[in-house]
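Enquirer: how would this look folded up:
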Amino acid sequence: MQVRLRVFESGERFTDAVKLAAIEKAVPFQQIQSLVRTCGVAEERVRKLPAAACVLLVIAMNLFPVEDLPQVLRRMVQGVRLLFGDGEYPLAGKSAISQARARLGDKPLEALFHSVCQPIATTVTRGAFLFGLRVMAIDGASEDVPDTPANAETFGRHHSDRGESAFPQVKAVYLIECATHVICDAIFGACHMSERAAAQRLLRSVRKGMLVTWDRGFFGYELLRAALATGAHILGRVPANVILTPVRYRADGSFLAYLYPSPKARRHRRDGILVRVIEYTFHDPQQPGYGETHRLITSLLDAEQYPALELIVGYHERWEIEITIDELDTHQHLPGRPLRSHKPVGVRQELYGGLLAHFAIRVLMHEAALSVDQDPDRLSFTNSLRIIQQAIPEFQLVDTAQHRELYQRLLRDIAQQRLPERDHRINPRVVKRKMSKFRLKRPQHRHPARPSTPFVESVVILK
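Expert: Prediction:
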């Protein structure tokens, strides 16, 4: 492909040319501008970092996680600077970026997330549907945030008999489309927020034609009833203490039972929800859960139309949400380190920016997978992220008339990043480093007094 350099029109401002065309299809810039105006944060005068460009910066900081924000901004405008002339258009510094983020707030990012992040799988997307139902999953995770008084007050921290956690934490609960790893909705709250209550709020994004899966920690009568009221079907695991008395057995070994909201309701057989129960275990000693009884409940009652074995295999696709959370935590955030933002509004802004960045990556990966008739989870997220990082300045340098060709090349590059077929690995739930030789950080250590003299003046040589 022979490229032509982009030519800017006379009078076109530097700030107007700053866009992320590589992800434009997933996160349209016109939609960003519209939401900035709707949320009332559009500026009245020309700034070094306008509100719409600040939205792009918040997204880009989750595409370049190892860079500080001024460096992220330089990455984001690299191609435009080359064409406009380096040095003629000074970029916003650290303080100006901080002020721009404060003016922007979190509402435009939240509104943008809810407007663009929707299920994207089509009927030809491999592994997206089970019995014609779109497979979705709900799960939660916690994110460390900087240890500032504002973050600690808003999000809280965990306590145990060994002391309090090192950092405040924000609790996140996600609804994802399993096949594409697209996060379709999210709830963020304090670290002690109930995941089950958050999951019930996520049902606002559940539709008829979906099959919603969850782990046993999310099981609850109210969540089940609310999920069924959406018209969707459910497939979830239940804890061992839940009473499920068979009322009718199916030929495949599953049985029908009623779930009740309380023991009293069970005694009076009132307000019961009819579900199908599938019990299973594993015969391979190397499988996690070997010898244990696992129980699933589902609203798919017909055993002939919905065989138990296919439902069991389909339920274990729920683990795709664990991989999705790892993509956020390991590749878009710095592993082992808290988020960047020191204030709660900035934390939420950063989290929604991360979801938008993840959505953009996954949209490109999905299109690339369709182009070569592959399952989207056979493509490498890490390598796709690197390719997109490299593509951002290329789209800024190349004539917009050639962007379609450049986009197709981008998809081909991503499609080549194949992963080997998944083997039968297991991942035990253990940690390698649990104890530390250092003393525990106490409240008196959080804001120590500054030394009153320079280091060299404080040295005393003993004789």
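
Enquirer: run through the strands of the stretch 351-463 of the chain in chain order.
Expert: Shown for the stretch 351-463 of the chain, no strands are assigned by DSSP state E, counting those that start in this stretch.

Enquirer: low-scoring stretches of it, by residue?
Expert: In the predicted model, the stretch 351-463 of the chain carries pLDDT under 70 at residues 423-438, 440-441, 445-446, 455, 458-463.

Enquirer: which residues in it form helices?
Expert: Listed in chain order, the helices of the stretch 351-463 of the chain (DSSP state H, counting those that start in this stretch) span 381-397, 403-415, 455-458.

Enquirer: can you add distance to Asp375 and mean neighbour count and give those back as TSV?
Expert: Using the backbone N, CA and C atoms, a C-beta is placed for each residue, glycine as well. Conversion of those to TSV gives the following (distance: least, Cβ to Cβ, whole Å; neighbours: other Cβ atoms under 10 Å):
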stretch	distance to Asp375	mean neighbour count
helix 381-397	13	19
helix 403-415	12	17
helix 455-458	58	8
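
Enquirer: could those be laid out in JSON lines, adding distance to Arg103?
Expert: What follows is those, written out as JSON lines (distance: least, Cβ to Cβ, whole Å):
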{"stretch": "helix 381-397", "distance to Arg103": "24"}
{"stretch": "helix 403-415", "distance to Arg103": "31"}
{"stretch": "helix 455-458", "distance to Arg103": "39"}
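
Enquirer: out of those helices, which comes closest to Phe255?
Expert: With Cβ to Cβ, the closest approach to Phe255 among the helices of the stretch 351-463 of the chain belongs to helix 381-397: 40.0 Å.

Enquirer: run the chain-centre distance for that closest one.
Expert: Centroid separation between helix 381-397 and its chain, computed with Cα atoms, centre = their mean, to the nearest Å, is 20 Å.

Enquirer: residues in contact with it?
Expert: 3, 5-6, 17, 19-23, 60, 63-64, 75-80, 82-83, 181, 327, 331-332, 360-361, 364-365, 368, 403, 406, 410, 413-414, 417 (Cβ atoms under 8 Å, 6 or more residues apart in numbering).

Enquirer: 7 Å - rerun?
Expert: 5-6, 20-23, 63-64, 76, 78-80, 82-83, 327, 331, 361, 364-365, 403, 406, 410, 413-414, 417 (Cβ atoms under 7 Å, 6 or more residues apart in numbering).

Enquirer: with stretch 182-191 instead?
Expert: Here stretch 182-191 makes contact (Cβ under 7 Å, 6+ apart) with 117-120, 142, 154-158, 168-177, 198, 201-202, 205, 324, 348, 351, 355, 358-359, 362.

Enquirer: poorly predicted segments of this protein, please.
Expert: Those would be 85-88, 423-438, 440-441, 445-446, 455, 458-463, if you go by pLDDT under 70 across the chain.

Enquirer: circling back to that earlier point, which of the contacts of helix 381-397 are buried? Put it as a ChimeraX command.
Expert: One line in ChimeraX is enough to select the buried members of those, burial here meaning 16 or more other Cβ atoms under 10 Å:
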select :6,20,21,22,23,63,64,76,79,80,327,331,361,364,365,403,406,410,413,414,417
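
Enquirer: re earlier: inside strands: which ones of the contacts of stretch 182-191?
Expert: Mapping the contacts of stretch 182-191 onto strands (DSSP state E) picks out Ser142, Gln169, Val170, Lys171, Ala172, Val173, Tyr174, Leu175, Ile176, Glu177.

Enquirer: what residues are up against Gly289?
Expert: Under the criterion of Cβ under 7 Å, 6+ apart, the contact partners of Gly289 comprise Phe282.

Enquirer: host element of it?
Expert: Using DSSP states H and E, Gly289 sits within no helix or strand.

Enquirer: got phi/psi on it?
Expert: When read as degrees, to the nearest 10, the backbone of Gly289 gives phi 90, psi 10.

Enquirer: from His316, how far off is it?
Expert: For Gly289, the distance to His316 (Cβ to Cβ, to the nearest Å) stands at 11 Å.

Enquirer: please apply the same query to Arg103.
Expert: Arg103 sits 46 Å away from His316, taking Cβ to Cβ as the criterion.

Enquirer: okay, and the residue lying closest to Glu322 once chain neighbours are set aside sits in which element?
Expert: When the adjacent residues along the chain are set aside, Glu322 lies closest to Asp139, with 7.0 Å between them (Cβ to Cβ, 6 or more residues apart in numbering). Using DSSP H and E, Asp139 sits within strand 133-144.

Enquirer: just checking: what are the partner strands of that strand?
Expert: Taking DSSP bridges as the criterion, strand 133-144 pairs within the sheet with strand 129-130 (antiparallel), strand 169-177 (antiparallel), strand 210-214 (parallel).

Enquirer: if we can go back for a sec, who's more crowded, Arg103 and His316?
Expert: For the pair Arg103 and His316, the greater number of neighbours falls to Arg103 (13 against 10), based on other Cβ atoms under 10 Å.

Enquirer: that one should be in a strand, yeah?
Expert: No - counting by DSSP: H, G, I helix; E, B strand; the rest coil, Arg103 falls outside a strand, being helix.

Enquirer: isn't it up against Cys39?
Expert: No - shown here, Arg103 and Cys39 do not form a contact pair, counting by Cβ atoms under 7 Å, at 11.0 Å.

Enquirer: how many residues are close by the closest residue to His181 other than its chain neighbours?
Expert: Leaving aside its sequence neighbours, His181 sits nearest to Thr324 (Cβ to Cβ, 6+ apart; 4.4 Å). By other Cβ under 10 Å, the residues close to Thr324 number 25.

Enquirer: check Gly272 too.
Expert: 16.

Enquirer: return the residues in contact with it.
Expert: Tyr258, Leu259, Tyr260.

Enquirer: repeat that for 6 Å
Expert: With contacts defined as Cβ atoms under 6 Å, 6 or more residues apart in numbering, Gly272 is in contact with Tyr258, Tyr260.

Enquirer: now it: how far from Ala257?
Expert: Relative to Ala257, and taking Cβ to Cβ, Gly272 is found at 9 Å.

Enquirer: and the ones in strands among the contacts of stretch 182-191 as TSV, adding distance to Met210 and neighbour count?
Expert: Supplementary listing: these in TSV, determined by distance: Cβ to Cβ, whole Å; neighbours: other Cβ atoms under 10 Å:
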residue	distance to Met210	neighbour count
Ser142	26	16
Gln169	30	22
Val170	27	25
Lys171	24	20
Ala172	21	23
Val173	17	24
Tyr174	15	23
Leu175	10	28
Ile176	12	25
Glu177	9	27
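
Enquirer: now the two most distant members of those residues.
Expert: With distance counted by Cβ to Cβ, no two of these lie farther apart than Gln169 and Glu177, which are 26.0 Å apart.
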